[in-house]
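In: test case, fold it:
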Amino acid sequence: MKAIRHTGIVVSNLDQALRFYVDLLGLKVTRRMDESGKYLDNISALKNVMVTTVKMAAEDGNLIELLYYHSPPRKTAVDREICQTGISHIAFTVQDVDAEYERLSKAGVPFNSSPQQSPDGYAKVAFCRDPDGNFIELVEILN
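Out: Just a heads-up that it's a prediction; the model follows:
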């Protein structure tokens, strides 16, 4: 493998997801596309795929891709615990995790707890959830 290209997240409401990732977290939209056709049907192992994809970049260039499936119908997500098998979270480095905790909490973003310092004193961390319940880790490096 040469690099991690992007992380894809299927969303139930694209407008809500964009408000969270762009307006609240500050990612920048780099590309938005409506896609369909045999290529997508084949690589997704689905039929009649119609999806809107939105790629967003962090300051360092890392990408997250939101996928909103118009068809086939999306399956309802279950409320996940962070310890369940599968991808558990996406982590973002922030300048001041306490300030982000306050700002995002005021905007209605749910957190597991207030920011916590790691036992080794290296970082201060808080976990919140996006509009679909995916865990987002905010990390401030202290050393």
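In: contacts only, for Asn112.
Out: 82, 126-128 (C-beta atoms under 8 Å, 6 or more residues apart in numbering). Placement of C-beta: from N, CA and C, glycine included.
In: swap that for Gly121, sorry
Out: Going by C-beta under 8 Å, 6+ apart, Gly121 touches 142-143.
In: ok, Met33 next?
Out: Shown in contact with Met33 (C-beta under 8 Å, 6+ apart): 52-53.
In: please compute how far the strand or helix carrying Ser105 lies from its chain's middle.
Out: Here Ser105, judged by DSSP states H and E, is contained in helix 97-106. Chain-centre distance of helix 97-106: 17 Å, with C-alpha atoms, centre = their mean, to the nearest Å.
In: now swap in stretch 71-80 and tell me
Out: Counting by C-alpha atoms, centre = their mean, stretch 71-80 comes out at 16 Å from the chain centroid.
In: over to stretch 26-33?
Out: 13 Å.
In: can I get it in CSV? Just the C-alpha atoms.
Out: Listed next in CSV are the C-alpha coordinates belonging to stretch 26-33 (Å, rounded to 0.1, in the frame of the first residue of the first chain):
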residue,chain,number,x,y,z
GLY,A,26,-14.2,22.8,9.2
LEU,A,27,-13.4,20.3,6.4
LYS,A,28,-13.4,21.8,2.9
VAL,A,29,-15.5,20.2,0.1
THR,A,30,-13.1,19.3,-2.8
ARG,A,31,-15.5,17.4,-5.0
ARG,A,32,-19.2,16.6,-5.3
MET,A,33,-20.6,14.1,-7.8
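In: domain boundaries for this structure, per the record?
Out: Using automatic domain parsing, the domain parsing of the chain gives 7-71, 89-141.
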